[in-house]
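Visitor: I would like the atomic coordinates for the input below:
(one chain, ligands or ions: 1)
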Amino acid sequence: MDYLPVFLKLRAARAVIVGGGRIAARKADLLLAAGARVTVAAPRLHEDLQSRVAAGELVHLAQAFVPAHLDGAALAIAATGIRAVNTAVSQAARERGVPVNVVDDASLSTFIFPAIIDRSPVVVAVGSAGQAPVLARWVREQIEAILPSSLGALARFMGERRATVQRAIGAAARRALWERIVRGRTAAHVLAGEESRAQRAFEAELLISQLTTSAATGASALGEVYLIGAGPGDPDLLTLRALQLLQQADVVLYDRLVPAAVLERARREARRIFVGKARGPSPEHTPQEDIHEMMIRFARQGLKVARLKGGDPFVFGRGGEEMEALARHGIPCRVVPGITAALGAAAAAGIPLTQRGLSQSVTFVTGHVAEDERLDWRALAGAGQTVVFYMGVGRLEPIVARLRAAGARDTLGAALIERATLPEQRVLRATLAQIAALGSRAGISPPALLIVGDVAGVAPAADAAAMRPPAPAETAADLMQPI
Ligand code: SAH
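Guide: Model prediction:
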């Protein structure tokens, strides 16, 4: 190498440019960008330099060059276009041990400027030892074209998290972590400007590093995923298998519908990660594909992943998609059924979903279909059955209107059950004709179910024991004892 490429720290250092023309102005911009205190020595100034002086960004010495101008300088540039002056600058700089660049004259220079690709804090410098500047610029263009414009954002993202990583994991694991971040989804999200997705991907990677490097987790070579139904909310309605697997999990990925009281039942050391979907755009929204990717990633690292979903994973829970994604990647997956909201709500409100003489069938329908013409509303409005609408709170009016238009009786029983089985549970009963107005007056909000059918009119048990909210008695530890 004819020259050693280095990155010089010029922040607050004195840099002197001799010459006041256009080229001097360009060099001044470069030095200012690096944070130098720039002095320009020249009898006359180009207008670009004048405006910088006026703005107080640099100091102007309106004099012909004298060697003393370089006293205390960290760097000198000669850009006068006059060979005698340039030579004098070069000589004075060398005498003072100040690195000097003479524009377009490598023989008078002790350093030369590379062609730069600036994605600060990432900077790529290309040089040709002054032999082929045009070639160096061509190389720069090639590199420019392949480096994403948001590379700087990625470098800052990583820089801001260095301390966190340093605190969280040992030196040996760090490099592997950063490699995964640069090559994986985290970087892709940062480069795409998706901050919150990037942050989640980063946290997942960090967690993998922490869990797989700590011997205490007992992670086996092959991880697995448990798709667990958490039931309607009351932790007592978890299945024994759900509890057992929650006790084995290294990581718990949980939805919005899973209450804290259920999460408490997971192994104490298990890391709990919220992957819920918000209504409407929100930084908390986790796209489905990110959930798939997280589960796969954790499992590949040998971790046991509990994917905890409200109710039952296969009832309006996208459990099927998650199972398929895992299968595509060869990740072992066990499905644990949960008590779906309709069953929890019916029990809690004392509504027998089927009852001899009243209802011979039950249908679970998503309220998203409220306006859907293709749905067989006549079939849903027929007599002798029960229909349970999930996710229908915001669409009570159209649902009821469709049912009535399809022939459902105005006097048919209807019930709204909000936050079924949870301490805040509310149950409203009315006729089909009145239920929507009643629901909006009471301010019923998700999660809530609409149950339509004669069974909704069945009188609940006298002491309504089933309706009483669960006592928040035992601690998680107590509950775990018998298992
Ligand atoms: N997989 C879940 C359903 C998810 S869809 C299950 O099997 O229950 C979300 C909808 O479920 C909510 O909009 C609401 O209609 C219903 N839901 C879930 N938990 C509920 C609860 N505790 N009380 C009433 N409705 C509930």
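
Visitor: C-alpha only now, for contacts and for neighbours.
Guide: Noted.

Visitor: which residues of the protein lie near the ligand?
Guide: Within reach of the ligand by CA under 6 Å from any ligand atom, the chain has these residues: 232-233, 310-313, 315-317, 340-341, 390-391, 417-421, 446-449.

Visitor: going through those, which ones are buried?
Guide: For those, a burial check counting by 16 or more other CA atoms under 10 Å picks out 232-233, 310-313, 315-317, 340-341, 390-391, 417-421, 447-449.

Visitor: where strands are concerned, which of the residues you listed count?
Guide: 390, 417, 418, 448, 449 (DSSP state E).

Visitor: can you give me the helices in the stretch 351-483 of the chain?
Guide: Under the criterion DSSP state H, counting those that start in this stretch, the stretch 351-483 of the chain contains helices at 377-381, 396-405, 432-442, 476-480.

Visitor: same list (the ones you listed) but as CSV, adding mean pLDDT and mean neighbour count.
Guide: Output for the helices of the stretch 351-483 of the chain, formatted as CSV (pLDDT from 0 to 100; neighbours: other CA atoms under 10 Å):
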stretch, mean pLDDT, mean neighbour count
helix 377-381, 94, 18
helix 396-405, 95, 18
helix 432-442, 96, 18
helix 476-480, 36, 13
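
Visitor: so can I have JSON lines of the ones you listed showing distance to residue 115?
Guide: Converted to JSON lines, these look like this (distance: least, CA to CA, whole Å):
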{"stretch": "helix 377-381", "distance to residue 115": "70"}
{"stretch": "helix 396-405", "distance to residue 115": "65"}
{"stretch": "helix 432-442", "distance to residue 115": "66"}
{"stretch": "helix 476-480", "distance to residue 115": "63"}
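
Visitor: of these, which is nearest residue 369?
Guide: helix 396-405 (8.3 Å; CA to CA).

Visitor: how far off helix 432-442 does the closest one point, in degrees?
Guide: If you take axes from the mean of the first three to the mean of the last three CA atoms, to 10 degrees, helix 396-405 sits at 180 degrees to helix 432-442.

Visitor: just the CA coordinates for helix 396-405, please, in CSV.
Guide: Output of helix 396-405 as CSV, limited to C-alpha atoms (Å, rounded to 0.1, in the frame of the first residue of the first chain):
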residue,chain,number,x,y,z
LEU,A,396,-74.1,-5.5,16.4
GLU,A,397,-76.6,-3.4,14.3
PRO,A,398,-75.8,-5.0,10.9
ILE,A,399,-75.7,-8.5,12.4
VAL,A,400,-79.1,-8.1,14.0
ALA,A,401,-80.5,-6.5,10.9
ARG,A,402,-79.3,-9.4,8.7
LEU,A,403,-80.8,-12.0,11.1
ARG,A,404,-84.1,-10.2,11.2
ALA,A,405,-84.2,-9.7,7.4
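
Visitor: mind listing what's buried in stretch 403-413?
Guide: 403, 404, 406, 408, 409, 412, 413.

Visitor: and the fourth one, how far from residue 264?
Guide: The reference is to residue 408. Distance of residue 408 to residue 264, computed by CA to CA, to the nearest Å: 44 Å.

Visitor: which sections of the chain are below the confidence cut-off?
Guide: 213-221, 278-284, 460-483 (pLDDT under 70).

Visitor: tell me which residue is most central in it.
Guide: residue 197 (2.0 Å; CA atoms, centre = their mean).

Visitor: helix/strand/coil for that one?
Guide: helix (DSSP: H, G, I helix; E, B strand; the rest coil).

Visitor: dump the residue contacts of it.
Guide: Contact analysis of residue 197 by CA atoms under 8 Å, 6 or more residues apart in numbering lists 186, 189, 286, 290.

Visitor: what's the most distant pair in the residues you listed?
Guide: 186 and 286 (14.0 Å).
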